[in-house]
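1. starting from these lines, generate the structure:
(one chain, ligands or ions: 3)
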Amino acid sequence: MSLRMLVHSPSLKQNFTLTQDFKASGSSYHTIELKQEEACEATRSVYFAVKSTNLIREICMFISMSITNPLKKLLPCVILDLDGTLLNTDGIVSDVLRVYLNKYGKQWDGKAAYRIVGKTPSEAAAVIVEDFGLPLSTDEFVSEITPMFSAQWCKIKALPGANRLINHFRDHGVQMALASNSPRTNVDTKISYQPGWKESFSVIIGGDEVTAGKPSPEIFLEAAKSMNCDPSSCLVIEDSLPGVTAGKGADMKVVAVPSLPKQSHLYTSADEVINSLLDLRPEMWGLPPFEDWIEGTLPIEPWYIGGPVVKGFGRGSKVLGIPTANISTEGYSTLLQEHPSGVYFGWAGLSMKGVYKMVMSIGWNPYFDNAEKTIEPWLLNEFDEDFYGEELRLAIVGYIRPEANFSSLEDLIKKIHEDRKMAEKALELPLYSNYRNDSYLKISLPGDAKHNSLFSFPFLSSLSVR
Ligand code: ADP
Ligand code: RBF
Ligand code: MG
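-> Numbering: from 1, shown residues only. Ligands and ions are numbered 1, 2, ... in the order given. This is a model prediction of the structure:
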């Protein structure tokens, strides 16, 4: 599709006519790459995201703004939070607090996590000491807990999509800053375990390097200043509410990626709320689009999960006409915590039967608002009968979209059938089809010696994650 635009540049006192082709990218957005040869001495690129239907007015406004300052750097700068945004810190925080509170005869139930996310260490400590009625001062608590946290930093994993995002922006010359409420030395230590991160940021600021941490905008304003970037040209990516408040207070664009579930309705001041870094569309913010989406699907680092098929909510076939073979999530809480909710696809190996294409959701099924995070794999094959109790192995190789709510059951069903089509087609691509032969899926197929041993010792089936 071609788009003709009349663009006015107040600074150059001229009108320009630009013709651009739409380039399909992702599922529901089109990307336009605009080369501004007419307006600038050097060729520069600006990226736009438009929903296929509208927004031509918005495109013209955006171009007009860019050409107003033709000599100014056009690509926005990106400011990233660390804990909960790039690093999966939440699991470590819970693990440490569980052990620590046990010493005082208290139980960590995860609820306090909602009150400490995004806070500075001493603010978070005050919340814990008060909530659990601990018999010590905030400072004493901090000095006891700090070494326990530090011992875990080497184990913190990058969140899904974090390395992809950092590499993408670095390779496209987008300036990035890291702005964290954690003290600077903690930030430095934490990122030292993540290859390539330190060199990717042109600015790193810790909470102790400013007079007030988030929600004060100071840390973001400081980061923008150090990058020589106007605050209005900065995109902040943040998981916490204090961080979003700080970003908006700094007059920046803010994309929120809440790290705790079922919180997105609280992030009303953010410019956009996404479910995970996999859902970021840089072109919506004038940044170069990701180029790794293939036919509406995103290849991911494959992950594996398996176990005996158990009873689910009892509504897959009955309510939706879409059976989903649930596997027991017992023992997989870490694996489930590590993977963002969403719609994924891959291959499913079923003992005694074979290997099939599979599309699944992982999460809380917003339409039904489940209390528990579950995996709902739909095997793309007609079976004559149920297979409860059989060993099911999944290789999850690609991502399609975040879980969504729908205004009717019909809409949910329609969308799941679209997911099915997309997965069925994508799994034919060599990139994904090769995993069909993964030995993990075949370990328990008939005639396989390992199959027999697995089923002679049923307890082994609970060890099937790798
Ligand atoms: P539940 O709520 O117990 O998971 P569902 O209505 O979702 O029940 O149906 C899932 C069950 O249906 C699976 O456990 C499996 O035994 C059976 N089944 C039959 N065909 C399929 C299929 N194509 N994909 C997944 N499960 C299937
Ligand atoms: N449930 C939702 O509430 N929102 C979704 O976006 C959603 N997407 C799904 C996509 C696929 C491919 C599958 C298999 C299921 C999806 N579900 C979703 C889950 C569905 O609600 C669930 O399978 C039933 O509730 C049965 O437990
Ligand atoms: Mg089910």
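2. and for the nearest residue to Leu431 once chain neighbours are set aside, the neighbour number?
-> The spatial neighbour of Leu431 that comes closest, neighbours along the chain excluded (CB to CB, 6 or more residues apart in numbering), is Pro299 at 5.8 Å. C-betas here are computed from N, CA, C, even on glycine. If you count neighbours by other CB atoms under 10 Å, Pro299 ends up with 15.
3. mind listing the strands the helix or strand containing Pro299 pairs with, and their directions?
-> Here Pro299 sits within strand 298-310, counting by DSSP states H and E. Using DSSP bridges, strand 298-310 pairs in its sheet with strand 326-327 (antiparallel), strand 391-401 (antiparallel).
4. any idea what the residue nearest to Leu431 is bridged to?
-> Going by DSSP bridges, Pro299 is paired in beta bridges with Gly398.
5. anything in the longest helix anywhere in the chain near ligand 1?
-> For the chain, the helix with the greatest residue count under DSSP state H is helix 409-426. No: Helix 409-426 stays clear of ligand 1 (CB under 6 Å from any ligand atom), getting no nearer than 10.4 Å.
6. just the CA atoms of the very next helix or strand once past that helix, as CSV, please.
-> Once helix 409-426 ends, the next helix or strand along the chain (criterion: DSSP H and E) is helix 430-433. Output in CSV follows, covering the C-alpha atoms of helix 430-433 (Å, rounded to 0.1, in the frame of the first residue of the first chain):
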residue,chain,number,x,y,z
PRO,A,430,12.3,-24.9,8.9
LEU,A,431,13.1,-22.6,11.8
TYR,A,432,10.3,-24.2,13.8
SER,A,433,9.7,-27.5,12.1
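7. now helix 430-433, how far from the centre of its chain.
-> 23 Å (CA atoms, centre = their mean, to the nearest Å).
8. around Thr138, how many other residues sit close by?
-> Thr138, neighbours per other CB under 10 Å, totals 18.
9. meant to ask about His172
-> Neighbours around His172, by other CB under 10 Å: 16.
10. pick the most buried one from the strands paired with strand 298-310.
-> Among those, strand 391-401 has the highest mean neighbour count (mean count of other CB atoms under 10 Å), at a mean of 24.
11. how about the nearest residue to the spatially most central residue of the chain, chain neighbours excluded?
-> Nearest to the mean C-alpha position of the chain, by CA atoms, centre = their mean, lies Ser276 at 2.0 Å. The shortest distance from Ser276 to any non-neighbouring residue, by CB to CB, 6+ apart, is to Pro340 (3.4 Å).
12. ok, the one you found - contacts?
-> Contacts for Pro340 were tallied using CB atoms under 8 Å, 6 or more residues apart in numbering; they are 159-161, 275-276, 278, 362, 402.
13. give me the subset of the residues you listed that also touch ligand 3.
-> Restricting the contacts of Pro340 to those touching ligand 3 (CB under 5 Å from the ion) yields no residues.
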